[in-house]
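>>> sequence first, then the predicted structure:
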Amino acid sequence: MGKRRRAREAALSILYQLEFRPGKTEEVFRTFWADSPFPPEVQAFAQELVAGTVAHREEIDTLISRYAEHWHFSRIALVDRNILRVATYEFLFHKEIPEKVILNEAIEIAKQYGSEDSGRFVNGILDKIRTITRPPLLEPAER
């Protein structure tokens with residue numbers, strides 16, 4: 001498993017814990033890293049994902065709510081919700097990461113940690129968010 005995948009999984013775990021301990025980000029980081037030592041580069045990327053997701057949570061949650069058709073945001077499973085948050089954060093603020101990588105990683109993590117339907121659910125919502133956050137470039141003839 002790659003370092004970025006491990007960082008995304010760590011970020012998911014930390015964000016999940018923050019659902020029950022809001023405002024305790026530094027404390028959750030400290031406890032998590034003490035219990036689950038990871039290489040420094042994994043920790044750094046995971047912390048950046050968590051910090052960015054938390055800092056832009058309102059904007060991210062608004063996007064997810066908009067594209068989660070027929071689902072009230074509060075009814076989305078916590079694991080799925082936080083996978084969606086991290087991937088949406090990456091779409092918005094990590095333009096250097098290919099959109100297919102973000103989408104595939106989120107789907108695989110959803111399959112591993114979510115319910116039987118989580119992969120399809122996450123894919124459906126993120127595919128819509130991707131088209132808004134990463135519109136396709138026009139070919140020269142279309143301009």
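Alright, I've got the coordinates.
>>> CA atoms of the strand or helix carrying residue 46 as PDB?
Using DSSP states H and E, residue 46 falls within helix 40-55. Taking Å, rounded to 0.1, in the frame of the first residue of the first chain, the C-alpha atoms of helix 40-55 are listed here in PDB:
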ATOM      1  CA  PRO A  40       6.800  11.300   8.800                       C
ATOM      2  CA  GLU A  41       5.700  11.800   5.200                       C
ATOM      3  CA  VAL A  42       2.500   9.800   5.800                       C
ATOM      4  CA  GLN A  43       1.800  11.800   9.000                       C
ATOM      5  CA  ALA A  44       2.500  15.100   7.200                       C
ATOM      6  CA  PHE A  45       0.100  14.400   4.300                       C
ATOM      7  CA  ALA A  46      -2.600  13.000   6.700                       C
ATOM      8  CA  GLN A  47      -2.400  16.100   8.900                       C
ATOM      9  CA  GLU A  48      -2.600  18.400   5.900                       C
ATOM     10  CA  LEU A  49      -5.700  16.500   4.700                       C
ATOM     11  CA  VAL A  50      -7.400  16.700   8.100                       C
ATOM     12  CA  ALA A  51      -6.500  20.300   8.700                       C
ATOM     13  CA  GLY A  52      -7.600  21.400   5.200                       C
ATOM     14  CA  THR A  53     -10.800  19.400   5.500                       C
ATOM     15  CA  VAL A  54     -11.600  20.900   8.900                       C
ATOM     16  CA  ALA A  55     -10.800  24.400   7.700                       C
END
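>>> residues in contact with the helix or strand following that helix?
As assigned by DSSP H and E, the chain's next helix or strand after helix 40-55 is helix 57-67. Residues from elsewhere that reach helix 57-67, judged by CB atoms under 8 Å, 6 or more residues apart in numbering: 53, 73, 76, 81, 84-85, 88-89, 92, 125, 128-129, 132-133. Every C-beta, even on glycine, is put in place using the N, C-alpha and C of the backbone.
>>> tell me the helix or strand right after helix 57-67.
Following helix 57-67 toward the C-terminus (DSSP H and E): helix 78-93.
>>> and residue 18, what is it in contact with?
When contacts are taken as CB under 8 Å, 6+ apart, residue 18 is in contact with 24-25, 28, 50, 54.
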